[in-house]
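Chemist: using only what follows, build the 3D model:
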Amino acid sequence: MKPAKFTFFRCKTVLGWLSGLAVAVLFLTLTTTASAQTSVFVSGRATGGFGYPDLNYDVPFVTALTVSGPGTITVTYVSGTVDWAPNQPTGPNGVHWPYSGCSLPLQASRGISHKSAENMGALIGAFVPQARVQKVGFSPVDGTKNAAPVGIMPGAVFFIGASRTVTVTEAGTLFLGINDCESGDNGGGFNVTVSTP
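Modeler: From the prediction side, this is the model:
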């Protein structure tokens, strides 16, 4: 009888150890599959119609990455330039321009309008919660215009430049665009990587 109890105890111990190993492997698998990296091209015309939109030429923001919950998203510039006007190329940080006849997306996000513009042609982004993205009629354009029933609110827009890590507190989608308000004469674009840890 005693050896049988001992054998039963050993089997129970081995089963417990194997169960623990299976849980650890499952956790590592879930952690590994939760991370993601993708390459994205952001057209120089992807202004989302913010500011004073040139509705004939504006392109919606580009869908970069969707996450299922809280975490961080890192955007890193890889290559490319944006011609925010003919023969006026810039990198992802944009340029200072002494006069702008319209409110740029970054200015609209703060509810201000200046004649001079900082970060003209820069790489920008907006994180939109999943509940809004899933609403009927959503489009990644300025949500205060009549271009779509549901869009991105200006306050969600932020500067990215050459690199930025964004902390998000819920499920949603990161969209990318260009800080310009008249994109009809724009050209080029930025190649970026977008990743989660």
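
Chemist: who does the helix or strand harbouring Phe41 pair up with?
Modeler: For Phe41, the element it lies in under DSSP states H and E is strand 36-43. Partners of strand 36-43 in the sheet, by DSSP bridges, are strand 187-196 (antiparallel).

Chemist: give me the neighbour count for Ser163.
Modeler: 13 (other C-beta atoms under 10 Å). C-beta here means a position set from N, CA and C on the backbone, and glycine is covered the same way.

Chemist: if I look at it, how far off is Val67?
Modeler: Distance, Ser163 to Val67, by C-beta to C-beta, to the nearest Å: 18 Å.

Chemist: where does this structure have low pLDDT?
Modeler: Low-confidence segments of the chain, defined by pLDDT under 70, span residues 1-34, 52-57, 99-101, 109-116.

Chemist: all strands of it, in order?
Modeler: For the chain, the strands defined by DSSP state E occupy 36-43, 62-67, 71-79, 82-83, 89-90, 95-97, 117-120, 123-129, 138-142, 150-152, 157-159, 163-168, 172-178, 187-196.

Chemist: domains of this structure?
Modeler: 1-34, 36-196 (automatic domain parsing).

Chemist: what's opposite the spatially most central residue of the chain in the beta bridge?
Modeler: Closest to where the C-alpha atoms of the chain average out (C-alpha atoms, centre = their mean) is Leu174, at 2.5 Å. When bridges are called by DSSP bridges, Leu174 pairs up with Leu65, Phe127.

Chemist: my guess is it contacts Gly125. True?
Modeler: Yes - shown here, Leu174 and Gly125 form a contact pair, counting by C-beta atoms under 8 Å, at 5.8 Å.

Chemist: between those two, what contacts are shared?
Modeler: Contact criterion C-beta atoms under 8 Å, 6 or more residues apart in numbering; residues shared by Leu174 and Gly125: Ala64, Val75, Val166.

Chemist: reformat those as a markdown table; add neighbour count and distance to Val192.
Modeler: Output for the shared contacts of Leu174 and Gly125, formatted as a markdown table (neighbours: other C-beta atoms under 10 Å; distance: C-beta to C-beta, whole Å):
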| residue | neighbour count | distance to Val192 |
| --- | --- | --- |
| Ala64 | 23 | 8 |
| Val75 | 25 | 6 |
| Val166 | 14 | 13 |
